[in-house]
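**Q** Just need the structure, nothing else, for what follows:
(one chain, ligands or ions: 1)
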Amino acid sequence: SLTLGIVGLPNVGKSTLFNALTRNEALAANYPFATIEPNVGVVPLPDPRLDTLAELFSSAKVVPAAVSFVDIAGIVKGASEGAGLGNKFLANIREANAICQVIRVFDDPDVVHVDGEIDPLADIETINTELILADLQTLDKALPRMEKEARTKKENRPALENAQLAKAVLDEGRTLFAAQAELDIDALRELNLLTIKPFLYVFNADEGVLTDEGKRAELAKLVAPADAVFLDAKVEAELLELDDEESVRELLESVGQHEPGLHALARAGFHTLGLQTYLTAGPKEARAWTVPKGATAPQAAGVIHTDFERGFIKAEVISFDDLVAEGSMAAARAAGKARIEGKEYVMADGDVVEFRFNV
Ligand code: GDP
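**A** Predicted coordinates:
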């Protein structure tokens, strides 16, 4: 499954956040067979639609979709030079599908900032620089080969020009993700570059920032179009110790939040990875299934079971909103709101689906 790699400078709160991510017992109960590796944290994607479905279908339980985060060993300046930790860091990032950078904006005289002061932009640039340098090395190796190929094969010229453009972007100190509008990103994929990956930013903040809308907007603007999540990693860890809703609400209110930051993080992670969900419901469970945006009905069926993709015949599809408006599957069918879709159908987020297939 797709993962986000958590990176950040030392002492920004990565471990604190990651510990909160790995302590999700509710989730472990739903995924008993998922072998969770020590450096992987899985967060459920909050989805109130599942509770509604569970009511409509008298489902015994709800199973949300989940997002996986991988803890990537600390970046150090000079990682791109490939010394020691640097090599492992880059290899781990290469495996992740998106990059989640934790940035410290909390103020605490007891916690030393590696570069001396709180400066979100400088933190972002430090990480970007290492990744950009690593990508430049990759391109410097690939370009001579691509040039040679383009000399004999005319059809290879666009790929070469695109790679040269990518190099120019990196030379300017920009990431390929930030410059995606100027590039053919898909054509660059085979080069396995790092800064092509989507970025997500987590601002590890204290109450002062969390309650300051202007400050939050300013930080969000700094990283746009990437998603920004604001949370207090220490509070997230404390929230998991609480077992009654009232205490959870009180603690959140005390830092000006109306939901746990992990919820916002799960949504942003899901969005950054380009994923969406479709829903199934019955007496056993109401469940969200993860598919990439643009997945067709057979591909969606394949997420439940590979046999379902192979034997796919058709899907009965109804949007969640229509289903709720009609009140039941039977009423929705009677109102003509349930559609029969074939192999070409592209799934929409929140489709409630029943697949028909040959086994
Ligand atoms: P890492 O090096 O990025 O993994 O950072 P850690 O998670 O180990 O955190 C470094 C220190 O900062 C620890 O002493 C944490 O308790 C503290 N810390 C982490 N998050 C917060 C936060 O949101 N607020 C405050 N005040 N301290 C934090």
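
**Q** contacting residues around stretch 55-67?
**A** Contacts with stretch 55-67, where a contact means CB atoms under 8 Å, 6 or more residues apart in numbering, come from 4, 27, 30-31, 42-47, 50-51, 53-54, 266, 269-270, 273, 275, 277, 281-290, 323-324, 327-328. C-beta coordinates here come from the backbone N, C-alpha and C atoms, glycine included.

**Q** ok, the closest residue in space to residue 321 that isn't next to it in sequence - contacts?
**A** The shortest distance from residue 321 to any residue other than its chain neighbours is 7.3 Å, reached at residue 350 (CB to CB, 6 or more residues apart in numbering). For residue 350, the contact set (CB under 8 Å, 6+ apart) comprises 49, 277, 278, 279, 319, 320, 321.

**Q** ok, residue 350 to residue 48 distance?
**A** From residue 350 across to residue 48, the span is 11 Å (CB to CB, to the nearest Å).

**Q** Just checking the distance from whatever helix or strand residue 164 lives in to the centre of its chain.
**A** According to DSSP states H and E, residue 164 maps onto helix 157-171. Centroid displacement of helix 157-171 relative to its chain, using CA atoms, centre = their mean, to the nearest Å, is 27 Å.

**Q** got it, and stretch 63-71?
**A** Relative to the mean C-alpha coordinate of its chain, stretch 63-71 is positioned 9 Å out (CA atoms, centre = their mean).

**Q** Using PDB, write out the CA atom coordinates for it.
**A** The C-alpha coordinates for stretch 63-71 follow below in PDB (Å, rounded to 0.1, in the frame of the first residue of the first chain):
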ATOM      1  CA  VAL A  63     -14.000  -0.500   9.100                       C
ATOM      2  CA  PRO A  64     -12.500   2.800   8.000                       C
ATOM      3  CA  ALA A  65      -9.800   3.200   5.400                       C
ATOM      4  CA  ALA A  66      -6.300   3.700   6.700                       C
ATOM      5  CA  VAL A  67      -3.200   5.700   5.900                       C
ATOM      6  CA  SER A  68       0.400   4.500   6.500                       C
ATOM      7  CA  PHE A  69       3.200   6.700   7.600                       C
ATOM      8  CA  VAL A  70       6.800   5.500   7.700                       C
ATOM      9  CA  ASP A  71       9.300   6.900  10.100                       C
END
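
**Q** picking that back up, residues of the helix holding residue 164 that come out buried?
**A** Across helix 157-171, burial judged by 16 or more other CB atoms under 10 Å covers 159, 160, 162, 163, 165, 166, 167, 169, 170.

**Q** how close does the residue sitting furthest away from the middle of the chain sit to the ligand?
**A** Distance from the C-alpha centroid of the chain peaks at residue 152, with 40.7 Å (CA atoms, centre = their mean). Taking CB to the nearest ligand atom, to the nearest Å as the measure, residue 152 falls 49 Å from the ligand.

**Q** swap in residue 90?
**A** Noted for residue 90: a distance of 18 Å to the ligand, by CB to the nearest ligand atom.

**Q** Name the nearest residue to that residue, sequence neighbours excluded.
**A** Leaving aside its sequence neighbours, residue 90 sits nearest to residue 134 (CB to CB, 6+ apart; 5.4 Å).

**Q** What helix or strand is that neighbour located in?
**A** For residue 134, the element it lies in under DSSP H and E is helix 120-152.

**Q** Run through the strands of the stretch 251-359 of the chain in chain order.
**A** Using DSSP state E, counting those that start in this stretch, the strands of the stretch 251-359 of the chain run over residues 275-281, 285-292, 312-319, 339-341, 351-357.

**Q** Out of those, the one nearest residue 251 is which?
**A** Closest to residue 251 of the strands of the stretch 251-359 of the chain is strand 285-292 (CB to CB; 27.1 Å).

**Q** Nearest to the spatial middle of the protein, which residue is it?
**A** The chain, centroid-nearest residue using CA atoms, centre = their mean: residue 269 at 2.5 Å.

**Q** Report the separation between the nearest residue to that residue once chain neighbours are set aside and residue 191.
**A** Take residue 269 and drop its neighbours on the chain: the residue closest to it by CB to CB, 6+ apart is residue 67, 4.2 Å away. To residue 191, residue 67 is 26 Å away according to CB to CB.
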